[in-house]
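1. Give the three-dimensional model of this entry:
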Amino acid sequence: CLGPKSEKMMRISCLDISRAYFNAKLDDGATTYAQLPPEDPDAGVLCAELPRHMYGTRAAAYGWQEECSSTLVAELNFVQGVAPPCLCRHSSRAIVVPVHCDDFTAAGSKTDLDWYEAEMKKHYELTTQPRLGPAPDDGKEAVVLNRIIRWCEHGLEYEAGPRQVEELLTECGLTGANPVATPG
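-> Residues are numbered from 1 along each chain as shown. Below you'll find the model as predicted:
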């Protein structure tokens with residue numbers, strides 16, 4: 001049993017890649033064009049050829065998946081899961097990373113996560129939230145995919161974001177309904 005201050009104790013790292021889809025290169029031979037914005041003097045006459053994927057284009061999600069998979073697998077030696085392929089684990093370090101679009105939530109030891117975050121910063125511009133963990137100087141709350149994750153004494157708490165709760169109440173026709181103390 002490891003104490004909360006041990007560097008080998010599991011922690012959670014939350015990274016968000018900035019402008020993820022713009023990092024994904026187009027496949028060889030693939031060409032994507034975009035309409036120029038109205039303020040451009042050539043709008044309506046010319047269009048732009050994109051050297052990389054752009055959010056909203058048909059192949060952008062696939063291109064980003066290929067980009068982040070090749071970075072994790074080919075360059076950082078992660079092993080991609082078979083089912084699901086968005087779950088990666090490192091071949092020699094104790095790191096597991098579920099990837100959802102541009103959000104990377106990794107679980108591992110402090111030293112392994114230090115290595116992982118430094119390597120990811122070499123490849124992408126990213127936002128790092130405070131690392132969740134048991135030590136007093138570790139973060140205790142993070143937001144991932146508009147959901148709140150809390151590191152508590154009794155374990156991890158996972159809370160739906162307020163927007164999801166509001167959408168669910170609206171879909172169920174319960175907007176303005178009175179709450180009850182017990183379900184059912």
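
2. quick one: pLDDT of residue 1?
-> Note on residue 1: pLDDT of 49.

3. what ranges do the helices span in this structure?
-> For the chain, the helices defined by DSSP state H cover 60-70, 110-123, 162-171.

4. out of those helices, which comes closest to residue 54?
-> Judged by C-beta to C-beta, the one of the helices of the chain that comes nearest to residue 54 is helix 60-70, at 6.3 Å. Backbone N, C-alpha and C define where each C-beta goes, glycine included.

5. for the closest one, which positions count as buried?
-> 60, 63-64, 67-69 (16 or more other C-beta atoms under 10 Å).

6. hmm, back to that, need the helices of the chain in CSV with mean pLDDT and distance to residue 54, can you?
-> Putting these into CSV (pLDDT from 0 to 100; distance: least, C-beta to C-beta, whole Å) gives the following:
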stretch, mean pLDDT, distance to residue 54
helix 60-70, 77, 6
helix 110-123, 94, 19
helix 162-171, 82, 26
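
7. okay, those helices in JSON lines with distance to residue 36 next?
-> Below are these laid out as JSON lines (distance: least, C-beta to C-beta, whole Å):
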{"stretch": "helix 60-70", "distance to residue 36": "18"}
{"stretch": "helix 110-123", "distance to residue 36": "30"}
{"stretch": "helix 162-171", "distance to residue 36": "33"}
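
8. For the protein, which helix or strand comes out least confident on mean pLDDT?
-> The helix or strand of the chain with the lowest confidence, counting by mean pLDDT, DSSP states H and E, is helix 60-70 at a mean of 77.

9. Just the CA atoms from that helix would do, formatted as PDB, please.
-> Provided in PDB are the C-alpha atoms of helix 60-70 (Å, rounded to 0.1, in the frame of the first residue of the first chain):
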ATOM      1  CA  ALA A  60     -11.400  16.100 -39.800                       C
ATOM      2  CA  ALA A  61     -12.300  13.700 -37.100                       C
ATOM      3  CA  TYR A  62     -10.700  10.700 -38.900                       C
ATOM      4  CA  GLY A  63      -7.600  12.800 -39.600                       C
ATOM      5  CA  TRP A  64      -7.300  13.800 -36.000                       C
ATOM      6  CA  GLN A  65      -7.700  10.200 -34.900                       C
ATOM      7  CA  GLU A  66      -4.900   9.200 -37.200                       C
ATOM      8  CA  GLU A  67      -2.700  12.000 -36.000                       C
ATOM      9  CA  CYS A  68      -3.100  11.400 -32.300                       C
ATOM     10  CA  SER A  69      -2.800   7.600 -32.800                       C
ATOM     11  CA  SER A  70       0.400   7.900 -34.700                       C
END
